[in-house]
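Participant: the following comprises the amino acid sequence and a computationally predicted model.
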Amino acid sequence: MRLQEAFSAAVLDSQQPCPRGLVSRNGHIESRFAVYRNNVQRGLINALAFSYPVVARLVGEYFFQEMARLFIKKSPPDSPIMSTYGVRFADFIGDFEPARSLPYLADTARLERLCVAAYHAADACAVDPQVLARMLKVPESLGQLHLQLHPGVATLDSPYAVADLWAAHQNEELSQGLDLSLPQSTVVLRYGLSVEVFAVRPGYTAFIRHLQSGHALGPAAEHALQVDPYFDLSQALALLITHDAITDLSPAPEISP
C-alpha cells in the first residue's frame, strides 16, 4: 500500500497504527499523528452533526458520534465542500443495525439532507407574477404549460411522519405525542434565505416530481389525481407560486401544418 493510501486509511480508522514513513521534526510522530487524526475525525463528525441536527438529537450525542465515526470510515469525503458530505448517510443509517429500533431515523436523515441541498441550491428568479397570472388564465392552453421549478424544490414520501417530527424539533417542542407510524409526504423548498418544510398530501409530491421530470401541467395533474383522488391543483400551484418556486414556464410548442 502506498504511503498516501495508508495515510488516508489510518486517518479515518482509529484502530490502525500510524503509517510507516512519516517523520516529525519535533515530538513523537505517533502522538502527533493521533492528534491530527482526532482533529480530522472530529471535523467530519461535526459536519455531519451540523447537517443532521434532528438525527443527532433523536439518538443522543454519544450514539451519533459513534455512528458517524463508522460512517466516516466507510464513506470518506470525496469533496472539500463539507456541506455536501454525508449524502449517503441516510442509506447508512437504514442499514445500521443498532438504529433498527428507530425505523423512521433514515427518512429523517433524508429530509434533513433535502433541507441542506435546498439551502445550498443555485439561485433562480421566480417568474414575474403578472406573466404567470396571464398564462394561467388561458384555459385552452393551461394543461400544456411546462413549469420550471426552483432547483431547491424537493419531495419526500415516507411511511413515517418525519415532517412532523422535524417540525417538532425546530421549536423545542416535545415529540412524544406524535404518531410517527402515519405515512407522510413532504415538500421542501427555499423561500428567500429560509428553507421551509411542508407536510402535504401525496398528490402534491407526485405532481411536483412529474413537473420536474419534464411533463406538462395537465399530465402532471392527471398523474397526481391517480395517486391521490383528493389532489387540488389550485392549492398545489398556490404553494409553489407564493413561495417563488416557479422560475420559468412555457406554452406547448406550436406544430406547423
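Facilitator: Thanks, I have it.

Participant: residues contacting Ile208?
Facilitator: Listed by CB atoms under 8 Å, 6 or more residues apart in numbering, the contact set of Ile208 reads Leu149, Val153, Thr155, Val187, Ala236, Leu240. C-beta coordinates here come from the backbone N, C-alpha and C atoms, glycine included.

Participant: surely Met135 is in contact with Asp248?
Facilitator: No - contact criterion CB atoms under 8 Å: Met135 and Asp248 do not qualify, at 11.2 Å.

Participant: comparing those two, which residue is more hemmed in?
Facilitator: Met135 (16 against 13; other CB atoms under 10 Å).

Participant: what residues are up against that one?
Facilitator: Applying CB under 8 Å, 6+ apart, one finds that Met135 lies in contact with Ser141, Leu142, Leu145, Leu249, Pro251.

Participant: quick one: the strands in the chain?
Facilitator: Taking DSSP state E to define them, one finds strands in the chain at 146-149, 154-158, 184-191, 194-200, 246-250.

Participant: deepest of those, which one?
Facilitator: With neighbours taken as mean count of other CB atoms under 10 Å, those reach their highest mean count in strand 184-191, at a mean of 22.

Participant: who's in contact with that one?
Facilitator: Defining contact as CB under 8 Å, 6+ apart, one finds that strand 184-191 is touched by 111, 114-115, 118-119, 121, 150, 152-158, 160-164, 195-202, 204-205, 208, 239, 243-245.

Participant: hmm, Leu237 and Ala224 touching each other?
Facilitator: No - the criterion here is CB under 8 Å, and Ala224 misses it with Leu237 at 11.3 Å.

Participant: more neighbours: which of the two?
Facilitator: For Ala224 versus Leu237, the count of surrounding residues by other CB under 10 Å is larger for Ala224: 26 against 18.
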